[in-house]
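Asks: Here's my sequence, what's the structure:
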Amino acid sequence: MLFGRFSSNSPGPGGSDSDFSLNAIAGLRFKAQDRLLPFVEARLAIKDGSQFVLAAGVYFGKP
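Replies: From the prediction side, this is the model:
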């Protein structure tokens, strides 16, 4: 969960603005071999311009 706030000392009404969004991330890793780990990941960002991202890949190295 992200929360951002911006303030300024400008003349006139409304010298501040707030921004609130929610980021959810989930993923799975699968063990194929000792140093080869395929994975999938899903990200959901809920805000004015909401987006859903699905990613997959392979991790090489020690788990």
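Asks: List the beta-bridge partners for residue 29.
Replies: residue 39 (DSSP bridges).
Asks: quick one: the residue nearest to residue 53 when sequence neighbours are not counted and residue 58, what's the gap?
Replies: Using CB to CB, 6 or more residues apart in numbering and skipping the chain neighbours, the partner closest in space to residue 53 is residue 43 (4.4 Å). Every C-beta, even on glycine, is put in place using the N, C-alpha and C of the backbone. Using CB to CB, to the nearest Å, we find residue 43 at a distance of 18 Å from residue 58.
Asks: Number of residues surrounding residue 44?
Replies: Neighbourhood size, residue 44 [other CB atoms under 10 Å]: 14.
Asks: Can you name every helix or strand that the host helix or strand of it contacts?
Replies: Counting by DSSP states H and E, the element that carries residue 44 is strand 36-46. With contacts taken as 3 or more CB pairs under 8 Å, 6 or more residues apart in numbering; DSSP states H and E, strand 36-46 sits against strand 16-29, strand 51-60.
Asks: what packs against the longest one?
Replies: For strand 16-29, the elements it packs on are strand 2-7, strand 36-46, judged by 3+ CB pairs under 8 Å, 6+ apart.
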